[in-house]
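Trainee: sequence first, then the predicted structure, then my questions.
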Amino acid sequence: MKDKFYQYIQDLQESITSKLQEIDGKAKFQEDIWERPEGGGGRTRVIENGNVFEKGGVNISAVHGKLPDTMQKMFKVGEADFFACGLSLVLHPKNPMVPTVHANWRYFEMYDENKNIINQWFGGGQDLTPYYLFDEDAKHFHQTCKTACDKHNAEFYPKYKARCDEYFYNAHRNEGRGVGGLFFDYCKASEDMTMDNWYNFVTEVGNSFLEAYVPIVEKRKELPYTDEQRKWQEIRRGRYVEFNLVHDKGTLFGLKTNGRIESILMSLPPHVQWVYNHHPEAGSEEERLINILQNPIDWVAP
């Protein structure tokens, strides 16, 4: 399974970066091949200062070795070896009318002293973070997620949409990071779902990413915006940074397993503001966004 999924994310990285370069029309992805001293490595691709994308990364990695002490405590196991691979992407567009997007699809194995698999699971998802909320964009993104889920189980979309709202939540701000999407983790074999079934589901979601995001970018990338709207984007980006550095488990896992720092922190935007005690104007589009982030809604019928 690990070889099969790693090949999949290599191919997916290629298709996503090719399409994003085409949309941007100026910037190209810079590629770095890196190795992890304890075992494994990855292929980082970063785009910067483009016509559309101010900064973004589409990264894959496959790492293995001894499970660090901190991760042993997290998984409640003793000494063990592990293998983990995945694709992680974050895109920060220049125009504040175009939302930031994040996605991740990953696979994990754990082994005993005889190299037998003692645990394995899939995880992942994709979520949207707008700065100016166009309802039709949120509905399109969620409908694409739901369509991918429904091909495998009608219960997946409402279940994983709710988990996304719960996970991508800045508890210290009492607001969501964005308008959500899907989040699933520890997807293991059961009576209802084999590991092959989970592979088919996760790759279905991965294959839906461009369909979910590209039409939104194409529709909004040429819209005019003001300096004040750009300032609002940078303030909201600050909330994005707060979540990634305070709450995100993927960031923590990368740091605890001696991952490549540049690849882990590529999710951080280049221009950010923290304005003291900032509140949007009453009745504004900015305030409307905050109200929805504090009270997640159902964008499509379950």
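Mentor: Everything's here; your move.
Trainee: beta partners of the closest residue to residue 81 other than its chain neighbours?
Mentor: Among residues not flanking residue 81 along the chain, residue 111 sits closest, at 4.4 Å (C-beta to C-beta, 6 or more residues apart in numbering). In this view, the C-beta of every residue, glycine as well, is placed from N, C-alpha and C. Taking DSSP bridges as the rule, residue 111 bridges to residue 81, residue 117.
Trainee: what's the burial count for residue 111?
Mentor: 17 (other C-beta atoms under 10 Å).
Trainee: got the contact list for residue 104?
Mentor: Residue 104 makes contacts with 86-89, 123-126, 250, as judged by C-beta atoms under 8 Å, 6 or more residues apart in numbering.
Trainee: surely it is in a strand?
Mentor: Yes. Under DSSP: H, G, I helix; E, B strand; the rest coil, residue 104 falls within a strand.
Trainee: turn the contacts of residue 104 into TSV, columns for pLDDT.
Mentor: What follows is these, written out as TSV (pLDDT from 0 to 100):
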residue	pLDDT
86	96
87	97
88	95
89	97
123	97
124	96
125	96
126	97
250	78
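Trainee: so of those, which ones are in strands?
Mentor: Secondary structure from DSSP state E places 86-89, 123-126 of the contacts of residue 104 in strands.
Trainee: which two of the residues you listed have the greatest separation?
Mentor: 89 and 123 (14.8 Å; C-beta to C-beta).
Trainee: does residue 154 count as helix, strand or coil?
Mentor: Going by three-state DSSP: residue 154 is coil.
Trainee: and it, how far from residue 108?
Mentor: 26 Å (C-beta to C-beta, to the nearest Å).
Trainee: neighbour count for the two, which is higher?
Mentor: residue 108 (20 against 12).
Trainee: does the more buried one belong to a helix or a strand, and which?
Mentor: strand 100-111 (DSSP states H and E).
Trainee: just the strands in this protein please.
Mentor: 30-35, 40-48, 53-66, 81-93, 100-111, 117-129, 169-170, 175-176, 180-187.
Trainee: do I have it right that the residue nearest to residue 81 meets residue 117?
Mentor: Yes. Contact status for residue 111 versus residue 117: in contact at 6.0 Å, counting by C-beta atoms under 8 Å.
Trainee: least confident secondary structure element in this structure?
Mentor: Within the chain, confidence by mean pLDDT, DSSP states H and E is lowest for helix 69-75 among all helices and strands, at a mean of 69.
Trainee: bridged to the spatially closest residue to residue 105 that is not a sequence neighbour, which residues?
Mentor: Of all residues not flanking residue 105 in the chain, residue 124 sits nearest, at 3.8 Å (C-beta to C-beta, 6+ apart). Note on residue 124: beta-bridge partners residue 105, residue 184, judged by DSSP bridges.
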